[in-house]
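K.L.:
Quick check, what structure comes out for this input:
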Amino acid sequence: TISTSFIFNSDKSFTFTIDRRNLDDTMMANQAGAALQRQIDEVVTPTVDKYRLSVMVANAGTKLEQTITSENAYESFLDAGVELIEKKVPVSGRIAFVTPAYYKLIKLDRHFISYGDKANEIAISGVVGYIDNTALIVAPSEYLPIGTNFMITHPVATLGPVKIAEYKTHNNPQGVSGWLCEGRVYYDAFVLKNK
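P.N.:
Purely as a prediction, here's the structure:
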């Protein structure tokens, strides 16, 4: 048996209040539940995503360093696919996280437009959803480390556990006339050595 232990390194929390007068003055526009959900959607989830992607890039088994242009964007993607096949990464289920700049270059690459899987669909609709059966997720550039144009991965390669994800709203806690919103998320990401 192989024993593997994982030590979590990311423990983030937040606290904010919504004053009762502010709530009344904005005609209930700043409701505690909606504000808490906005915090999760716009701060917590992007923070976790950025962290996980940075761990995946830092621990990538192969890194290809190339200057990508609209002339070689598709070829670069194919080169990465060749590397994954050589490493015996399953073809089915692969995911590519791409920057908007790379997404633009792949759509402008005449080789992809002419010969790619979805050449006809691109010509008709302009949509790029898959390249060589690899799902594309266009992520803001800040989500990937500087110098990373795209990353192809497979779900079996990385664990993304969340040990604690706790969010609460308190109505009129001591010292606050209104609502206190709190949250904590304890998470990490681990790239498995055998993957």
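
K.L.:
Without its sequence neighbours, what residue ends up closest to Gly129?
P.N.:
Leu136 (6.2 Å; C-beta to C-beta, 6 or more residues apart in numbering). C-beta: built from backbone N, CA, C; applies to glycine.

K.L.:
and the one you found, that one's in a strand?
P.N.:
Yes. Under the criterion used here (DSSP: H, G, I helix; E, B strand; the rest coil), Leu136 sits inside a strand.

K.L.:
Any idea what it is bridged to?
P.N.:
Ala96 (DSSP bridges).

K.L.:
Quick check, it in contact with Arg94.
P.N.:
No. Leu136 lies out of contact with Arg94 (C-beta atoms under 8 Å); the separation is 10.3 Å.

K.L.:
picking that back up, quick one: contacts for the residue nearest to Gly129?
P.N.:
Ala96, Val98, Tyr103, Val128, Gly129, Tyr130 (C-beta atoms under 8 Å, 6 or more residues apart in numbering).

K.L.:
Which two among the residues you listed are spaced furthest apart?
P.N.:
Tyr103 and Tyr130 (12.8 Å; C-beta to C-beta).

K.L.:
Between these two, tell me which one has more neighbours.
P.N.:
Tyr103 (19 against 15; other C-beta atoms under 10 Å).

K.L.:
So for the more buried one, what's the pLDDT?
P.N.:
For Tyr103, the model assigns a pLDDT of 93.

K.L.:
what comes up buried for stretch 45-64?
P.N.:
Residues Val48, Asp49, Lys50, Tyr51, Arg52, Leu53, Val55, Met56, Val57, Ala60 are the ones in stretch 45-64 that count as buried (16 or more other C-beta atoms under 10 Å).
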